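Structure here, sequence nowhere to be found:
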């Protein structure tokens, strides 16, 4: 009888351990992603441009592997990838009014993407003595998303390196994003390649 009770206690403890590992793996899957983005902006008229964005997102898939191991006590035969990849593209038409001074730049823009989502953005930046441009931005979209961000950039007329930090909310979930990118400008077109780490619900 005592042996049976001990076995039941051990089984209960093992279930708690498995549930803890599963919960941790699921949390990592849901709260952490990595992404690479290419944005191509082309001026097509006064204050108007087209923007094509291509994004590749990598998300951990540890939960599926942990579940397989905990269920069968082995990883042999598990075909689940440790990471999953998703590729997305977006096209938008942007109308922007910009004011430039020797101290900095301010702008208000409206964009409409291929799904009909409208986003209104306000941006401002200040030129520092060290040559670094420090900026901030706020945007709201018709799908309920709000973004607030800060940035720092430096470079030349044709090449700019930037670092960004952004908080995003859809009214229910909040996410945070940190990234770095390089923007190349030639004539009426600019291409920006960026990498991001995303925290929170995405």
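That came in fine, so what should we check first? Just so you know, these numbers come straight off a predicted model, no measurement behind them.

And the helices in this structure, which stretches?
With helices called from DSSP state H, the chain shows them at 2-31, 62-72.

For residue 197, which of the ones you listed is the nearest?
Closest approach to residue 197 among those (Cβ to Cβ): helix 2-31, 11.3 Å. Just so you know, the C-beta spots here come from the backbone N, C-alpha and C atoms, and that holds for glycine as well.

Tell me if I'm right that residue 92 and residue 114 touch.
Yes. With contact defined as Cβ atoms under 8 Å, residue 92 counts as touching residue 114 (7.4 Å).

Tell me which of the helices of the chain is the most buried.
Mean neighbour count (mean count of other Cβ atoms under 10 Å) peaks for helix 62-72 among the helices of the chain, with a mean of 17.

other SSEs contacting it?
helix 2-31 (3 or more Cβ pairs under 8 Å, 6 or more residues apart in numbering; DSSP states H and E).

Quick one: mean pLDDT over the helix it packs on.
Helix 2-31 carries an average pLDDT of 74.

Check stretch 67-84 too.
Rounded mean pLDDT across stretch 67-84 is 86.

how about low-confidence regions in this protein?
1-11, 201-202 (pLDDT under 70).

Identify the single longest strand in it, thanks.
Ranked by residue count and defined by DSSP state E, the top strand of the chain is strand 83-100.

Adjacent strands (with direction) for that strand?
Sheet pairing of strand 83-100 (DSSP bridges) gives strand 48-60 (antiparallel), strand 104-113 (antiparallel).

Next, the angle from it to helix 62-72.
With axes from the mean of the first three to the mean of the last three Cα atoms, to 10 degrees applied, the angle from strand 83-100 to helix 62-72 works out at 160 degrees.
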